[in-house]
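K.L.:
Sequence first, then the predicted structure, then my questions.
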Amino acid sequence: MSSALNKLLMLAMPDPYAAKKEVILTAYKDTAGHLVDLVMCAPDNKSDLMDKQEVWIAQWEKGMVSTRLNREL
């Protein structure tokens, strides 16, 4: 008899962990979706990125040379 009563009580009482699981799962899905959106927005034109990198390195090298020349004077 107590087994049947326990089953009825379990059905009547909501699982407190179910709500927590739902919140965590929703937060995970939102975060994962945001990360996927960020990855999808990343540029895939590698040659354009390499050109920008080369320009940046050239500017950096010029800056380093001028800094070194100023220190030597």
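P.N.:
Alright, I've got the coordinates.
K.L.:
how deep is T26 tucked in, by neighbour count?
P.N.:
Per other CB atoms under 10 Å, the neighbour tally for T26 reads 10. C-beta coordinates here come from the backbone N, C-alpha and C atoms, glycine included.
K.L.:
swap in the one 10 residues further on?
P.N.:
Residue crowding around V36 was assessed by other CB under 10 Å; the count is 10.
K.L.:
With K29 as the reference, measure out to it.
P.N.:
10 Å (CB to CB, to the nearest Å).
K.L.:
same question, N45
P.N.:
In terms of CB to CB, N45 sits 30 Å off from K29.
K.L.:
and if you look at M50?
P.N.:
35 Å.
K.L.:
Likewise for A58?
P.N.:
Distance from A58 to K29, by CB to CB: 44 Å.
K.L.:
just G63 next, same as before
P.N.:
45 Å.
K.L.:
what secondary structure does the residue most central in space within the chain sit in?
P.N.:
By CA atoms, centre = their mean, the chain has its centre lying nearest to L35, at 4.6 Å. Judged by DSSP: H, G, I helix; E, B strand; the rest coil, the three-state class of L35 is helix.
K.L.:
Dump the C-alpha coordinates for the lowest-mean-pLDDT helix or strand in the chain into CSV.
P.N.:
Least confident helix or strand, the chain: helix 2-12 with a mean of 76, by mean pLDDT, DSSP states H and E. Extracted C-alpha coordinates of helix 2-12, given in CSV (Å, rounded to 0.1, in the frame of the first residue of the first chain):
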residue,chain,number,x,y,z
SER,A,2,2.8,2.4,0.8
SER,A,3,4.3,1.7,-2.6
ALA,A,4,1.1,2.9,-4.3
LEU,A,5,1.0,6.0,-2.0
ASN,A,6,4.6,6.8,-2.9
LYS,A,7,3.9,6.6,-6.6
LEU,A,8,0.9,8.9,-6.2
LEU,A,9,2.9,11.4,-4.2
MET,A,10,5.7,11.3,-6.8
LEU,A,11,3.2,12.1,-9.5
ALA,A,12,1.6,14.9,-7.6
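K.L.:
Would you indicate which residues of it are buried?
P.N.:
Buried residues in helix 2-12, counted by 16 or more other CB atoms under 10 Å: none are found.
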